[in-house]
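Here is a sequence with its predicted model. Questions after.
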Amino acid sequence: MNNNLRIAQIVNQPSLDSDKNFHQGDVLYILYELEDKIFANNLMIDSPIFDFVQKDCLQFLHIPYYLIQSSSLLHSLYVASSDFTECEPGDLRFIKSQLIIAEKSIDENWLFGKYLNDATIKGIFPITHVRKVNLADWDVTKYVNFDVPTRQA
């Protein structure tokens, strides 16, 4: 595992024009930091999107290693795309942008999971209210060439 892997979630809606590729709740892989901005890859989109985002919009996350290696629906990280508050007993209540770990499938529409920040709170939730974070695709070297040619004097 890359010890420099840093992941953050957008907690405040970005206001810069360059932040148009990022929205509140999105999870980002941090590539490098400048004084007030961060260059990141949006892990919420299947195709790689690289752009700058303001530092003050982010909350850094600790993601368990087993989630980074998972590409299946199960043992994956999800972001709530809308509130799920009208619940029955056994449902996992959440608000928009909350991070959820899926542990098993109930059927094609429901998953069983827990909060990322509090594993003691568990329940079932509808797939229609969440978006999967593409953590298994964090290796950006296949999209970006980081080799810098040597300069001739």
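That came through fine.

center of this structure, which residue is that?
V27 (2.8 Å; Cα atoms, centre = their mean).

List the buried residues for the least confident helix or strand in the chain by mean pLDDT?
Lowest on mean pLDDT, DSSP states H and E among the helices and strands of the chain sits helix 65-68, with a mean of 76. Neighbour counts over helix 65-68 (16 or more other Cβ atoms under 10 Å) mark L67 as buried. Every residue, glycine included, has its C-beta placed from N, CA and C.

and it, how far from the chain's centre?
Centre-to-centre, helix 65-68 and its host chain are 12 Å apart (Cα atoms, centre = their mean, to the nearest Å).

Which helix or strand lies directly C-terminal to it?
strand 76-80 (DSSP states H and E).

Give me the mean pLDDT for that following strand.
In this model, strand 76-80 has a mean pLDDT of 93.

Give me the contacts around it.
9, 25-27, 44, 63, 67, 70, 94-102, 111, 113, 116, 129-133, 135 (Cβ atoms under 8 Å, 6 or more residues apart in numbering).

Domain map for this structure?
7-61, 65-136 (automatic domain parsing).

Would you single out the least confident of these?
Taking the mean pLDDT of the domains of the chain, domain 7-61 comes last: a mean of 83.

Over to it now: how far is its first residue from its last?
Start-to-end span of domain 7-61 (Cα to Cα, to the nearest Å) is 6 Å.

thinking L116 is in contact with I100, fair?
Yes. Counting by Cβ atoms under 8 Å, L116 touches I100, with 6.6 Å between them.

quick one, which of the two is more surrounded?
Neighbour comparison, L116 and I100: the larger count goes to I100, with 26 against 19 (by other Cβ atoms under 10 Å).

show me what contacts the more buried one?
I100 neighbours (Cβ under 8 Å, 6+ apart): 77-80, 92, 94, 113-116, 125, 130.

State the distance from it to F84.
Distance from I100 to F84, counting by Cβ to Cβ, to the nearest Å: 10 Å.

joint contacts of the two?
Contacts common to I100 and F84, judged by Cβ under 8 Å, 6+ apart, are 92, 94, 125.
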